[in-house]
Structure formats: structure tokens, C-alpha cells
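Peer 1: how does the following fold in three dimensions:
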Amino acid sequence: MHLLDHLQHKISQRRENEYSGVYNETLNILRYIKLQNFLRKPQLQALETYIFLKEICRNRPLADVYMDSVDHKTLRKELCNADEINEMIDATDTEKLQIIRNRLEKLLWNDDYTDQVYALTMWTGKTVLMSVFMLYDMVLSHFHPDIEYFASNFLVFAPDTTIIQSLKEIKDFDCINAIPPEYHNILLQIKYHYLEDTKQKLCLSEWSNFNVIITNSQKIIIKTRKGNSENLKKSLLWDLRERQEHEVENQRLLALKRLCKLSIFVDEAHHSFGKTLEWELKKVKETINRIHENKPLVNCVNMTGTPYIEWKMIEKTVFYYGLKQWIEDWILKQVDIMEFGEVKDTEFLKLVMKEFWEQCGDYEVEWKKAKIAIYTWSI
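Peer 2: Got it, this is the predicted structure:
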């Protein structure tokens, strides 16, 4: 949390200085967004974070960003355990920095590419935010094609087919809400690929640009052959040179590995980071790393509303806007606690629905009707 607060303080300073150091097109986009007043406060702040890390910090891995921008004494205090602090007592300044860096890299998974988590609570518009990130990148990559940290191709991982349906909002997003009209002709080149069917092929050339590919991880993920290894070796189809460690890369993965300037977005990313989903974490991460090894990724952006593993915030979190802030900013209702004796009862549900309808039946926010969500333990 300390590193996150420090990062946001740096971004706040840039905001006060009217985003000094960014490209003219970026400045134009930010001014236009504020004029349109379409993005909500947390969406705009998340975009400012994305731009700061990309343009001011040159899209470097988070370990590099923190080593350069945070006081090393603070890093030592926040990151190092007792053994590491004792090891520093007789160490030289260079050795101390290396101990801190090793600790930081371990904490951030030793990635050699930019991998960030943006944590925004429910209803803050994460899908719209992903769209704005991509459109911003496309505009900047058009005007600055030689700058490696502006992406021109995008892969969006969704955890299941239900989420894929909701991500169709990316294609439907009206760019006039966030991108100045003078850049709209650039965005006419965008090609959307929704991979819902396992039989759908992904045909992309190496030099293809402005592709947005949306799929769940199971449609792309590296798969392992099943069956007895001896039988596999005897199979006429078995080729040890092409199928090392029994892995089969499907056609879609091969197509993605050919793309240049690719950025990966992981929606509902807590599914990938969660401790109970170690297999999925390993495979999703392995797939992303495999693509990166073939052609370096521009970055990996993880979106989630719950950036926690066992009550600890995921260390890669660079922006956080929680439910408490959402309520304090008077966007969501203030919580009013009421006690009921027996909630596993039809009468309880009737009372809740009656009160909701009386208070919120005709209530609208941003031209949308109020909604009620009912969570059940076993259904």
C-alpha cells in the first residue's frame, strides 16, 4: 500500500503540473476527456496512472519504476525481512541496493515486462476503461510508430464465456466519448475478433495492426497432451522435436505469437492470481510468457475488483479504487444496516423486495434504473 500511495502521489504532482512530459496527442486526449466529462473520477485517475507509467516511466517493469522513484530507505523498511536487514549491516551501498532489488523483483514475480493490476470496484466501468486504454494506445502508436511502448494489437483474456459476452461492450464503445474527433479516422482500422467457438480460426499476418482479440483463456492457453507417454511416443503423430514436454500450441497461439506490439489485458484478473486456482494461474501466466518470449509484449494489464490474496493486496497493484471510496464519493448509496432474525425464509426476501421497490423502483442514475443483487450461499 505504501508503494501504491507513493506512485499515486507522483501522478498527482504531474496532474497539478498539467501532465508535463507527455506527448501532445496525449495532452489533447486528456483535455478532451475532461471537457466531455464522460469518464468517472476513478476511470480518469486510472487512465492517468496508465499514461504516467507508459510515457513518464517509459513502460519499464515495476521493479525499475520503484527503484528509481522511491527512497531506498523506505523500500528497505517496507520490503525487507529481518534476515535481509541484518545482511545489510556490513554490506556496501551497492550490495544493499542489490538486496533491495532482489527482494522487489521476487515480490513482483521477476517479470522483465510491464505487468500491472488496476483494481476498481464493481460498477466503476472496467470494460469502458479497457476500451479507452486501447484507443489511447492506438492513437499514440499511429503518431509514434517507432516508440515500442505504444501497442497496436490487443489480446483480452476473459475467465469464461459469460464475461466474453459482456466484453462486447468494447466494440460498442463510442470513441467520441474519449477520443478527439480529429483522431477518429485512425480508429476506423480496428478489427475485432471474438473467439467464442473452439473451431474459429484466427488468421493474422505478422504485420497486422489494430486487432482486438477477445477470448477466454481456455481458447488460447497452452495445453498438455493426455495419455500414457509410452503410447504417445509410439504414435505416428508423435514428433518429439515439435512437441517437447507434451505441449501442444494451438493455431490461435501461433497466430498471436506472430503479432508485433501486442498488449494483453486480463479481465477479472483475480481468477488468475487466486491461490485456489494455482493451475489456471500457472497456465495463463505460462501462456503470456510464451507469447512474450517469441516477441516482447508491450505490457500486460490486469483488471479486477478484488485485488487480494489471503487478505493481502496483490503487489502489482498500481491503482486502487475500492467500494468504500465509491460510497464516500456519493456514487453508491450509503450502507444502512438492518437486522433480521431468519434470512433463509421467503418472508425475508419479500420484505427486501418490497422495501427496494418502494425506495428505488423509480430511481435512476445516469439514465439507468436501480438494480438489486441477491447473493445466495448454495444456489
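Peer 1: separation between residue 55 and residue 100?
Peer 2: Separation of residue 55 from residue 100 (CB to CB, to the nearest Å): 26 Å. C-beta here means a position set from N, CA and C on the backbone, and glycine is covered the same way.
Peer 1: which of these two has more neighbours?
Peer 2: Taking neighbours as other CB atoms under 10 Å, residue 55 and residue 100 compare with residue 100 leading, 23 against 19.
Peer 1: what helix or strand is that one on?
Peer 2: Using DSSP states H and E, residue 100 falls within helix 93-107.
Peer 1: mean confidence for stretch 54-64?
Peer 2: Stretch 54-64 shows a mean pLDDT of 94 in the predicted model.
Peer 1: hmm, I typed the wrong one, I wanted stretch 363-373.
Peer 2: 80.
Peer 1: chain center to that stretch, what's the gap?
Peer 2: 27 Å (CA atoms, centre = their mean, to the nearest Å).
Peer 1: what comes up buried for it?
Peer 2: Buried residues in stretch 363-373, defined by neighbour count with 16 or more other CB atoms under 10 Å: none.
Peer 1: again, but for stretch 187-200
Peer 2: 190, 193, 194, 195.
Peer 1: for residue 159, state which of these is nearest.
Peer 2: residue 195 (14.1 Å; CB to CB).
Peer 1: excluding its backbone neighbours, what's nearest that closest one?
Peer 2: residue 215 (3.8 Å; CB to CB, 6 or more residues apart in numbering).
Peer 1: and residue 44, how many neighbours does it have?
Peer 2: Using other CB under 10 Å: residue 44 sits among 19 other residues.
Peer 1: host element of it?
Peer 2: helix 41-51.
Peer 1: pLDDT (mean, whole number) over that helix?
Peer 2: Helix 41-51 comes out at a mean pLDDT of 96.
Peer 1: let me know the pLDDT of residue 221.
Peer 2: At residue 221, pLDDT is 63.
Peer 1: kindly apply the preceding question to residue 22 instead.
Peer 2: Value for residue 22, per-residue pLDDT: 96.
Peer 1: SS state for it?
Peer 2: What DSSP: H, G, I helix; E, B strand; the rest coil gives for residue 22 is coil.
Peer 1: likewise residue 302?
Peer 2: Quick answer, by three-state DSSP: residue 302 is strand.
Peer 1: bridging residues for it?
Peer 2: residue 117, residue 266 (DSSP bridges).
Peer 1: what's the separation between it and residue 117?
Peer 2: Residue 302 is 4 Å from residue 117, by CB to CB.
Peer 1: surely residue 326 is in contact with residue 332?
Peer 2: Yes. Contact criterion CB atoms under 8 Å: residue 326 and residue 332 qualify, at 4.9 Å.
Peer 1: mind listing what residue 23 touches?
Peer 2: 55, 140, 143, 144 (CB atoms under 8 Å, 6 or more residues apart in numbering).
Peer 1: most widely separated two among those residues?
Peer 2: Across the contacts of residue 23 (CB to CB), the longest gap, 12.6 Å, separates 55 and 143.
Peer 1: what's the spacing between stretch 66-82 and its chain's center?
Peer 2: 25 Å.
Peer 1: now the strands for this structure?
Peer 2: Remark: strands assigned in the chain by DSSP state E are 115-120, 153-158, 191-195, 211-216, 223-224, 247-248, 262-266, 299-304, 308-309, 312-313, 317-321, 364-365, 368-369.
Peer 1: I'd like those strands laid out as JSON lines, including distance to residue 37.
Peer 2: Shown next, in JSON lines, are the strands of the chain (distance: least, CB to CB, whole Å):
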{"stretch": "strand 115-120", "distance to residue 37": "18"}
{"stretch": "strand 153-158", "distance to residue 37": "26"}
{"stretch": "strand 191-195", "distance to residue 37": "27"}
{"stretch": "strand 211-216", "distance to residue 37": "26"}
{"stretch": "strand 223-224", "distance to residue 37": "46"}
{"stretch": "strand 247-248", "distance to residue 37": "49"}
{"stretch": "strand 262-266", "distance to residue 37": "25"}
{"stretch": "strand 299-304", "distance to residue 37": "23"}
{"stretch": "strand 308-309", "distance to residue 37": "32"}
{"stretch": "strand 312-313", "distance to residue 37": "30"}
{"stretch": "strand 317-321", "distance to residue 37": "18"}
{"stretch": "strand 364-365", "distance to residue 37": "15"}
{"stretch": "strand 368-369", "distance to residue 37": "17"}
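Peer 1: if I average pLDDT within each of these, which one is lowest?
Peer 2: strand 247-248 - the lowest mean pLDDT of the strands of the chain, at a mean of 40.
Peer 1: thinking again about what came up before, out of the strands of the chain, flag the one nearest residue 80.
Peer 2: Across the strands of the chain, residue 80 has its closest neighbour in strand 312-313 (16.8 Å, CB to CB).
Peer 1: what about dumping the CA coordinates of stretch 289-306 to PDB?
Peer 2: Only the C-alpha atoms of stretch 289-306 are listed here, as PDB (Å, rounded to 0.1, in the frame of the first residue of the first chain):
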ATOM      1  CA  ASN A 289       5.200 -15.600 -21.000                       C
ATOM      2  CA  ARG A 290       5.400 -17.800 -24.100                       C
ATOM      3  CA  ILE A 291       4.000 -15.100 -26.300                       C
ATOM      4  CA  HIS A 292       6.400 -12.600 -24.700                       C
ATOM      5  CA  GLU A 293       9.400 -14.900 -25.300                       C
ATOM      6  CA  ASN A 294       8.600 -15.000 -29.000                       C
ATOM      7  CA  LYS A 295       8.100 -11.300 -29.500                       C
ATOM      8  CA  PRO A 296       8.300  -9.000 -26.500                       C
ATOM      9  CA  LEU A 297       5.000  -7.800 -25.100                       C
ATOM     10  CA  VAL A 298       4.300  -4.100 -24.800                       C
ATOM     11  CA  ASN A 299       2.600  -4.700 -21.400                       C
ATOM     12  CA  CYS A 300       0.100  -6.800 -19.500                       C
ATOM     13  CA  VAL A 301      -2.800  -5.100 -17.800                       C
ATOM     14  CA  ASN A 302      -4.800  -6.900 -15.200                       C
ATOM     15  CA  MET A 303      -8.300  -5.700 -14.300                       C
ATOM     16  CA  THR A 304     -10.100  -6.700 -11.100                       C
ATOM     17  CA  GLY A 305     -12.500  -5.500  -8.400                       C
ATOM     18  CA  THR A 306     -10.900  -7.700  -5.700                       C
END
